[in-house]
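> Just to be clear, the model below is a prediction. Sequence and coordinates:
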Amino acid sequence: MVFGLEFNGAGELPQQLELYFEQLGEADEKDRTYIEDKARAVAEHREEIDALIDAHTTGWKTTRMAKVDLTILRLAVYEMKWDEDVPVSVAINEAVELAKRFGGDESPSFVNGVLARIAD
């Protein structure tokens, strides 16, 4: 859902969530609520998140980043700065794992480096 924010306007989020859940199939209400709340929160803080990412990168701005890396960074920065239920170290570790799974060869070290700078 957070990845889709890059390609759809924030106003389209309700429709995108509906389509996502239709494709997802069975998911319990707790999981659906968690996904929806997290996607909405990242969308709500997107400008602040992108400003933090831009301020902590050299030679890379959010407009030039691989969309998968940017999505992972946005989610992690949201969790680090606004989600009190997620410890910073957990947000970073999970982001690196997502980068290993979905990003390119350099994604895990890039994501880790950016988030380490933001965490300081």
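Done, it's in.

> pLDDT value on the residue nearest the centre of the chain, please?
The residue lying closest to the centre of the chain (C-alpha atoms, centre = their mean) is residue 75, at 2.3 Å. Residue 75 is assigned 96 on the pLDDT scale.

> Same question for the one 10 residues further on.
Model confidence at residue 85, expressed as pLDDT, equals 92.

> Now do the contacts for the residue of the chain most remote from its centre.
Distance to the chain centre peaks in the chain at residue 26, reaching 23.2 Å (criterion: C-alpha atoms, centre = their mean). By C-beta atoms under 8 Å, 6 or more residues apart in numbering, the contact list for residue 26 is empty. To be clear about C-beta, it is placed using only N, CA and C from the backbone, and glycine gets the same treatment.

> And it, how close does it get to residue 79?
Remark: distance between residue 26 and residue 79 (C-beta to C-beta, to the nearest Å) = 26 Å.

> Sounds good, over and out.
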